[in-house]
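**Student:** Coordinates for the following, if possible.
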Amino acid sequence: MNSNDRRNVATEPNDGSDTSIPSTEDLEASETDSVDEENKQENGKSWIRIIVFLAAFIFGIVLCFIELGGDEKISKTLAIAIWIATLWLTELIPLVVTSFMPLFLFPLFGIVSSGTVAGAYMNNTIFLFLAGMLMALTLERWNLHRRFAFKILSWCGAKPGAILFGMMFATFILSMFVSNTATALMMVPNAIPVIDCLERQAPADKKEEAKKFGVAVMLGIAYAANVGGIASLIGTPPNLVFQAQLEIIYPDAPEMAFADWFSFGLPLGLTIFVIEYVYLRLLYLRNYNVAVGETSRAKSVQGAALKHPPDRVDLAGE
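**Tutor:** Below is the predicted model:
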């Protein structure tokens with residue numbers, strides 16, 4: 001057997017199948033093709049966004065020459081609103097830039113002065129928004145929301161119904177003082193290790209019920225975040241919008257203070273919270289009452305979740 005025959009034998013697979021390993025050049029070419037395909041798709045989406053904005057821009061220009069309600073300022077304001085809304089949806093420019101466009105568009109079109117527009121950016125509602133976002137970022141930075149949630153879980157016990165109540169109650173309390181959307185983003189990573197632990201320790205005949213427990217916890221966090229937002233004035237942005245609109249539409253009406261809202265929002269929120277908990281308990285956990293192993297095991301899961309938090313989420317970009 002000559003040298004060429006030996007090389008052919010060495011490269012042929014024994015079982016007749018093709019077991020050749022892709023070369024580095026093949027891998028690089030495949031990766032390049034994938035990147036090119038992604039770039040093509042992104043370019044296609046960019047052109048769609050540009051076309052949508054141009055259509056909205058032309059429509060807005062036409063509106064500027066039409067008087068709605070006998071006042072051209074109404075049509076100009078509508079045109080600016082359409083332009084800004086389109087830029088928000090398409091994100092052709094950064095959202096921060098879009099949010100400051102009224103500062104020069106309204107004076108440019110003679111709708112209101114720049115001082116009036118700037119004053120709208122500095123009212124008490126905006127600062128309440130900022131306070132809620134800063135509080136959410138602070139809680140996330142020092143993992144206080146995780147410690148608070150697991151402390152409540154340690155009080156509630158290891159039964160599925162108790163864990164569901166603890167997760168929902170922790171979400172409810174946090175959502176009263178932090179935006180409900182940010183609270184849900186913070187609490188879901190806390191619930192995932194607890195759900196995984198319960199599913200792993202569930203008996204073979206209770207696997208389906210354990211999966212339903214995970215669904216109940218996820219829904220419970222979402223429901224409790226919404227209800228907690230009802231309980232306080234700063235719990236969700238629409239509450240602050242209502243307060244601002246109340247002052248504009250009814251300037252002679254008494255001011256809606258935090259204590260005034262809390263006096264009726266908290267009882268209402270607690271009532272809805274109890275109804276939601278009972279509903280989820282009966283729907284998903286009626287036949288499931290398996291505890292999460294021994295106490296030391298539950299504590300180890302909690303400790304691991306605290307030591308290895310998930311990737312940070314953008315709480316201020318809501």
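**Student:** Gly214 sits in which helix or strand?
**Tutor:** Using DSSP states H and E, Gly214 maps to helix 207-231.
**Student:** for that helix, packing partners?
**Tutor:** Applying 3 or more CB pairs under 8 Å, 6 or more residues apart in numbering; DSSP states H and E, one finds that helix 207-231 contacts helix 160-175, helix 180-201, helix 258-284. All C-beta spots, glycine's among them, are computed from the backbone N, C-alpha and C.
**Student:** Was I right to think Ser113 contacts Leu103?
**Tutor:** No - when contacts are counted by CB atoms under 8 Å, Ser113 is not listed as touching Leu103 (10.8 Å).
**Student:** what's the spacing between stretch 227-246 and its chain's center?
**Tutor:** Distance, stretch centre to chain centre, for stretch 227-246: 18 Å (CA atoms, centre = their mean, to the nearest Å).
**Student:** and the end-to-end length of that stretch?
**Tutor:** 22 Å (CA to CA, to the nearest Å).
**Student:** got the buried residues for that stretch?
**Tutor:** 227-237, 239-240, 243-244 (16 or more other CB atoms under 10 Å).
**Student:** Considering the residues you listed, which is situated nearest to Asn190?
**Tutor:** Gly228 (15.1 Å; CB to CB).
**Student:** show me the contacts for Ala170.
**Tutor:** Phe148, Ala149, Ile152, Leu153, Met187, Asn190 (CB atoms under 8 Å, 6 or more residues apart in numbering).
**Student:** what do you get for Met256?
**Tutor:** Leu233, Phe242, Gln243, Leu246.
**Student:** how far away is the residue nearest to the first one when sequence neighbours are not counted from Leu78?
**Tutor:** If I follow you right, that is Leu233. Using CB to CB, 6 or more residues apart in numbering and skipping the chain neighbours, the partner closest in space to Leu233 is Trp261 (4.2 Å). Separation of Trp261 from Leu78 (CB to CB, to the nearest Å): 32 Å.
**Student:** So the residue nearest to Leu233 sits against Phe242, correct?
**Tutor:** No - at 9.3 Å, Trp261 does not count as touching Phe242 under the criterion of CB under 8 Å.
**Student:** re the thing from before, who has more neighbours, Trp261 and Leu78?
**Tutor:** Set side by side, Trp261 and Leu78 show unequal neighbour counts under other CB atoms under 10 Å, the larger going to Trp261 at 19 against 16.
**Student:** For Pro267, see how far away the more buried one is.
**Tutor:** 12 Å.
**Student:** what does Ala225 give?
**Tutor:** For Ala225, the distance to Pro267 - CB to CB - is 18 Å.
**Student:** ok, those two, which is more surrounded?
**Tutor:** Ala225 (27 against 11).
**Student:** wait, what's in contact with that one?
**Tutor:** Ala225 touches Thr171, Phe172, Ser175, Asn180, Thr181, Thr183, Ala184, Met187, counting by CB under 8 Å, 6+ apart.
**Student:** what's the answer for Ile221, then?
**Tutor:** Met167, Met168, Thr171, Ala184, Met187, Val188, Ala191.
**Student:** pLDDT weak spots in the protein?
**Tutor:** 1-44, 289-318 (pLDDT under 70).
**Student:** switch to 90 and redo it
**Tutor:** Counting by pLDDT under 90, the chain contains low-confidence ranges at 1-79, 87-97, 99, 109-163, 167, 174, 177-214, 232-260, 284-318.
**Student:** what is the orientation angle of the helix holding Gly214 with helix 258-284?
**Tutor:** 170 degrees (axes from the mean of the first three to the mean of the last three CA atoms, to 10 degrees).
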